[in-house]
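1. Predicted structure and sequence below. I'll ask about it afterward.
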Amino acid sequence: PGFLADDPPPLVLPKKNKKYAQRSAQFHKVRQPVQFTVFRNGLTSDKGTRFLLKAREMKSFETVLSIISFKIRLVEGAVRRLFTLEGGILHGPEDITDGGQYVACGHRRFILAPYGELSQPAKNAKAPFYQKDVKISTNPHPGRSPIHCQLFKRRQQKRKRGPKKILQPH
């Protein structure tokens, strides 16, 4: 319906400044903690080290690399590069995804290997039963070290021989 000249203007609530809201959301993104696994380069037997990094630790890539270096202690020194399991290099903390698996490299080149694929038995499958060989102990003093028993035997042999004989000149 139309408005008459005598009617007051409709009540309009002031809107929030959309541009300001968009900018503040852009600069104040609340990033959730990221959990990921890192393997050592070239070690297929490595089970991997799990990391949980907060948003403030993920601000710079150098911080992430130093945290990883401190925890996994590579043989070649500090972690300088992170790779995906397929060999793609990570360029920044934004490349790290939640639940991702990565390979840490120092100054050596990346080695493509089956990381994290350890042969694990199924949960329902039982491990084969092996009977342990029963070893009969010859230790006269069970609970004592074998070295102690050897010393004990030497002392016993000396006692059986008797005192040392002094040779008489003829």
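-> On my side now, so go ahead. Residues are numbered from 1 along each chain as shown.
2. my read: residue 39 touches residue 114, true?
-> No. Using CB atoms under 8 Å, residue 39 is not in contact with residue 114; the gap is 10.3 Å. No exception for glycine: its C-beta is placed from N, CA and C like everyone else's.
3. These two - which one has more neighbours?
-> Counted by other CB atoms under 10 Å, residue 39 and residue 114 do not tie: residue 39 has more neighbours, with 21 against 8.
4. Check this structure for its longest strand and report it.
-> strand 34-40 (DSSP state E).
5. List the buried residues of that strand.
-> Judged by neighbour count (16 or more other CB atoms under 10 Å), strand 34-40 contains these buried residues: 34, 36, 37, 38, 39, 40.
6. In these, find the pair that's most separated.
-> By the measure CB to CB, 34 and 40 form the most distant pair in those, at 19.9 Å.
7. still on that earlier bit, pLDDT of the longest strand of the chain, averaged?
-> Mean pLDDT, strand 34-40: 95.
8. With stretch 106-113 instead?
-> 93.
9. Flag every buried residue along that stretch.
-> Neighbour-count burial for stretch 106-113 flags residue 110 (criterion: 16+ other CB under 10 Å).
10. now the end-to-end length of that stretch.
-> Terminal residues of stretch 106-113 lie 16 Å apart, using CA to CA, to the nearest Å.
11. now stretch 93-102
-> 12 Å.
12. contacts for it?
-> Stretch 93-102 is contacted by residues 32, 34-39, 48, 53, 58-61, 63-64, 82-85, 90, 115-116 when judged by CB atoms under 8 Å, 6 or more residues apart in numbering.
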